[in-house]
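>>> A predicted structure for the sequence below; I have some questions about it.
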Amino acid sequence: MLGSIKTIWTEWNIRGAVLLSLLLQVTLIVLSPFRRRTSTKWLVSPIWLAYLVADMVATFAIGLISKTHITNQEDPSSAESPDTDFLSFWTPFLLVHLGGPDTITAFALEDNQLWVRHLLSFSLQIFSTVYFFYLSFSNNKLKIPTLLMFIAGVIKYLERTCSLYLASKSKFRNDMIREPDPGLDYDKAAKYAQWRSESSQLPDQQQTLLDQPGTREGETLGDLELVKKGYGNFKTLKGLLADLILGFEIREFSRGFFFHKASAENALRVLEVELNFAYEVLYTKVSVVHSSLGRNARLVAISAVLLALSVFHFQGRKFKSRDGFSDIDVDVTYALLFGAIALDLLAFIMSSLSDWTVVASMQQQKSKSWWKHHVLNQFHDWVLAAHVRLLHKSDILYKKQKKQETDEQTDLARPILYRRWCRSVLGFNLLRYCISKPCKIGFGLQSFLDEWRFKSTKPLTLELWEFIFHELKSKSEFIDDAESVRKRCLARGEVVLERNGLDKGRVDLMPYIVDVTYDESLLLWHIATELLHNTKKLPEECSGRRNEDLSKTLSDYMMYLLIMQPTMMATVSGIGKIRFEDTCAEARRFFERRGIGRNEVRNGCKRIMDVKTEVQPTTVKGRTSMTVLFSASMLAKELEKLEGERKWKVIAEVWVELLCYAAINCEKTAHAQQVSKGGELITYVWLMMAHFGLSMQFQENASSLLRV
């Protein structure tokens, strides 16, 4: 038994490893585009596993080939493994696999920082491949196809290394900063007036950035206009992601479009295109493949693979009958060759239908020399037509779904093939979590199990996005200087209370915002929203019910970010985790003593509201416990003093302001990281705020700091 297992391993270890490496490459190129469109772990986890294992398998296969080369050199008659010629031929295929598919170079943003490691690995693998080929060069019957595949392998591996380098933090930031400019000679006073007139104009590059198509107010953006507008705004987004300072003129141009011309739905579509460009720059090979050098190198690589297949096919038949090549090795080699061609074909189709190709095609129209060739002209038309059909199909599906919905809120979710991000709003409910009595397991699996059991998912609705859009638009109406921008960016609900006349009077809500930390405020308003939602006495009016639904969705979403997305809230969460645990402990004790069961959330909320709270909880408990359960009950009772639908309108507006505060204070790298995980609503809110001018990254006379 052990002997047969050893024989199978000896015969199939290398063959199995190279075929498994090919299978992992196919898995990555097919599945990886979906990770920006969904946050579902059952789809993202296989991509993560394939990404980690792919390099390990390819490196392991090269190691096996190295060992077998040495064994065959010492005793050729004892070799049960593939022929040395095939071993040399298969090694360049592993270089191609180590180069990875076009659709994924980095799984996480931190992978881009490891480009030096990939460069070192590239050097070592190239050395190993050349060395193996040298050992068998004199008698190698497949030296020509091996050389051809070696060229393709070097190009592929370099593409990945260069893509990682270009997306690394320092390179990404430095590429945005212009070259040093000493300015005009100060002592040439005669040119002072000319200098003043020139400085009042935008630099040519900045003017190019701002020269983007616009629409009349309420007009729907066409498919190609949408991509072009998104690409123009992507220039601004790069500066925001790099945490650079941008000029007021860029802010005013961007704000002019979104404030005066764009509807809420149009704005969302443009933001999706912008973040899609950012995703491809940070996580794929697009920066290399769509450069002129990259296109030429890719043409050489594809030609080399096709030539290698042709040479092997004609030489292989001749050598097989004369030199006894193994049928299995020939079949494995054909699988590798056709697999490499299939990967290149898939990459070409995906690249042709990408937004980058559409932008490049539209830009090439300006170059008359490029259009001299009829074939290229036809290809340009095909790319644009295919892209328009794809976007149009998405809109048709959306409009059919929208037409079917009457009284319910309009669902913006689309089929996974026709969307740029998940378009969902996740949620976590504290009181439901406490009543359900979650089981305690090992520390490493607790958060994963809690997320699986208690995370809720709701589709993003048009009503929710329009509400957020108009709230942001209202916040940006009176931002005349840096101080007014700062006040609105750092508001945590106080501006809403002031606008509604609730900063003084019989309803005392301000202490629950300005006298508490941000994480404490989130917990207070989340529990208060849940208490009011479950203890309402009379059905609300239509508009009141709408605001109640929006408040509930945003409340659960913010709690999800605080508890289950700590990296997104790292700068504002404080000791939120401890406060959350203390509050949960008190809530569980309260529910257990009153015998409140698992599905009795409404009854539990009523019992909490029935507790008299004339005395401040800190007076009773002291300051050792950080629970906010009954402080939230006091807030809910204050909110009940508001009449009718006004109550839910104020609550919904406060939640938008709390969301904006988290978005503007979130680390830029966290936003960049999230676009590869299905996207988050908070990232779109952050980008929408920036386009409305609600960002502290805009300063006067700063536009010339950037290279566009």
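In hand now; what should we look at? Residues are numbered from 1 along each chain as shown.
>>> which stretches of the stretch 351-500 of the chain form helices?
355-364, 374-404, 430-435, 443-454, 462-475, 482-489, 494-499 (DSSP state H, counting those that start in this stretch).
>>> And for the stretch 101-250 of the chain?
Secondary structure of the stretch 101-250 of the chain by DSSP H, counting those that start in this stretch: the helices cover 115-135, 143-167, 169-174, 192-199, 204-210, 223-241, 248-260.
>>> For the top helix by length along the chain, list every residue counted as buried.
If each helix of the chain is counted by residues according to DSSP state H, the longest one is helix 41-74. Within helix 41-74, the residues that count as buried by 16 or more other Cβ atoms under 10 Å are 44, 47, 50-51, 54-55, 57-62, 64-66, 68-69, 72. Quick note: C-beta positions are derived from backbone N, CA and C, even for glycine.
>>> elements contacting it?
Judged by 3 or more Cβ pairs under 8 Å, 6 or more residues apart in numbering; DSSP states H and E, the packing partners of helix 41-74 are helix 2-31, helix 84-99, helix 115-135.
>>> I'd like the average pLDDT over it.
Averaged across helix 41-74, pLDDT comes to 86.
>>> Please renumber the chain so that the first residue is 803 from this point on.
Sure, I'll start counting at 803 from here, so that last one is helix 843-876.
>>> tell me the angle of that helix relative to helix 886-901?
Counting by axes from the mean of the first three to the mean of the last three Cα atoms, to 10 degrees, helix 843-876 lies at 150 degrees to helix 886-901.
>>> Centre of the chain to helix 843-876, how far?
27 Å (Cα atoms, centre = their mean, to the nearest Å).
>>> what angle do that helix and helix 804-833 make?
Computed by the same axes, to 10 degrees, the angle separating helix 843-876 from helix 804-833 equals 130 degrees.
>>> residues in contact with stretch 1410-1425?
Stretch 1410-1425 has contacts (Cβ atoms under 8 Å, 6 or more residues apart in numbering) with 1333, 1337, 1392, 1429-1433, 1435-1436, 1438-1439.
>>> cool, stretch 1457-1464 as well?
For stretch 1457-1464, contacts defined as Cβ under 8 Å, 6+ apart pick out 1269-1270, 1273-1274, 1277, 1291-1295, 1297-1298, 1320, 1323-1324, 1327, 1331, 1352-1353, 1356-1357, 1359-1360, 1363, 1370-1371, 1374, 1483-1484, 1487, 1491, 1496.
>>> Low-confidence ranges, the chain, go.
Filtered on pLDDT under 70, the chain yields the residue ranges 803-812, 874-884, 980-1023, 1118-1127, 1165-1211, 1239-1247, 1307-1308, 1339-1346, 1423-1425, 1502-1510.
>>> per-domain residue ranges of it.
804-973+1087-1155, 1226-1476+1480-1507 (automatic domain parsing).
>>> do you know which of those lies nearest Phe1036?
domain 1226-1476+1480-1507 (10.5 Å; Cβ to Cβ).
>>> if we can go back for a sec, now distance to Asp1025 too, for the domains of the chain, in a markdown table please.
Converted to a markdown table, the domains of the chain look like this (distance: least, Cβ to Cβ, whole Å):
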| stretch | distance to Asp1025 |
| --- | --- |
| domain 804-973+1087-1155 | 13 |
| domain 1226-1476+1480-1507 | 19 |
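>>> Between those domains, which one is closest to Lys1063.
Taking Cβ to Cβ, domain 1226-1476+1480-1507 is the member of the domains of the chain nearest to Lys1063, at 11.7 Å.
>>> chain center to that closest one, what's the gap?
Distance of domain 1226-1476+1480-1507 from its chain centroid, counting by Cα atoms, centre = their mean, is 24 Å.
>>> same check, this time on stretch 1219-1232
Distance, centroid of stretch 1219-1232 to centroid of chain: 12 Å (Cα atoms, centre = their mean).
>>> Dump the helices of the stretch 903-1052 of the chain to CSV, plus mean neighbour count and distance to Leu825.
Formatted as CSV, the helices of the stretch 903-1052 of the chain follow (neighbours: other Cβ atoms under 10 Å; distance: least, Cβ to Cβ, whole Å):
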stretch, mean neighbour count, distance to Leu825
helix 917-937, 16, 20
helix 945-969, 23, 17
helix 971-976, 14, 33
helix 994-1001, 11, 60
helix 1006-1012, 15, 44
helix 1025-1043, 22, 34
helix 1050-1062, 19, 45
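>>> wait, doesn't His1493 sit right on Gly1058?
No. Under the criterion of Cβ atoms under 8 Å, His1493 makes no contact with Gly1058, lying 9.9 Å away.
>>> Who are the contact partners of Ala1149?
Contacts for Ala1149 (Cβ under 8 Å, 6+ apart) come out as 831, 903-905.
>>> quick one: buried residues of the helix or strand where it lies?
Here Ala1149 sits within helix 1129-1154, counting by DSSP states H and E. Neighbour counts over helix 1129-1154 (16+ other Cβ under 10 Å) mark 1131-1132, 1134-1135, 1137-1139, 1141-1142, 1145-1146, 1148-1149, 1152-1154 as buried.
>>> and what of stretch 1348-1356?
Buried residues in stretch 1348-1356, counted by 16+ other Cβ under 10 Å: 1348-1356.
>>> Out of these, list just those in helices.
The helices, defined by DSSP H, take in 1348-1356 from the buried residues of stretch 1348-1356.
>>> ok, so of those, who is nearest Arg1396?
Closest to Arg1396, out of all of those and judged by Cβ to Cβ, is Lys1354, at 24.0 Å.
>>> List the contacts of the residue lying closest to that closest one once chain neighbours are set aside.
Of all residues not flanking Lys1354 in the chain, His1335 sits nearest, at 5.5 Å (Cβ to Cβ, 6 or more residues apart in numbering). Contact analysis of His1335 by Cβ under 8 Å, 6+ apart lists 1350, 1353-1354, 1407.
>>> is it fair to say His1335 lies in a helix?
Yes. The assignment for His1335 by DSSP: H, G, I helix; E, B strand; the rest coil puts it in a helix.
>>> what's around Gly901, how many residues?
By other Cβ atoms under 10 Å, 26 other residues sit near Gly901.
>>> Next, the contact list for it, please.
By Cβ under 8 Å, 6+ apart, the neighbours of Gly901 are 955, 957-962.
>>> would you list those in a markdown table and tack on distance to Phe836?
Listed next are the contacts of Gly901 as a markdown table, based on distance: Cβ to Cβ, whole Å:
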| residue | distance to Phe836 |
| --- | --- |
| Gly955 | 27 |
| Ile957 | 27 |
| Lys958 | 23 |
| Tyr959 | 25 |
| Leu960 | 27 |
| Glu961 | 22 |
| Arg962 | 20 |
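>>> now, among those residues, which is nearest to Glu1285?
Arg962 (46.6 Å).
>>> Could you double-check that the closest one lies in contact with Ser1089?
No. Look at Arg962 against Ser1089 with Cβ under 8 Å: they stay out of range, at 11.4 Å.
>>> Arg1255: which of the buried residues of helix 1129-1154 is nearest?
Nearest to Arg1255 among those is Met1152, at 36.2 Å by Cβ to Cβ.
>>> For Ile864, see how far away that closest one is.
Note on Met1152: its distance to Ile864, by Cβ to Cβ, to the nearest Å, is 28 Å.
>>> Now Val1487: which helix or strand?
Using DSSP H and E, Val1487 falls in helix 1483-1493.
>>> Any buried residues in that helix, and which?
So, applying 16+ other Cβ under 10 Å, buried residues of helix 1483-1493: 1483-1493.
>>> got the angle for it vs helix 1284-1291?
Interaxial angle, helix 1483-1493 versus helix 1284-1291 (the same axes, to 10 degrees): 160 degrees.
>>> Next, the angle helix 1264-1277 makes with helix 1483-1493.
Using the same axes, to 10 degrees: helix 1483-1493 against helix 1264-1277 is 30 degrees.
>>> May I have the phi/psi pair for Ser841?
Taking degrees, to the nearest 10, you get phi -110, psi 10 for the backbone angles of Ser841.
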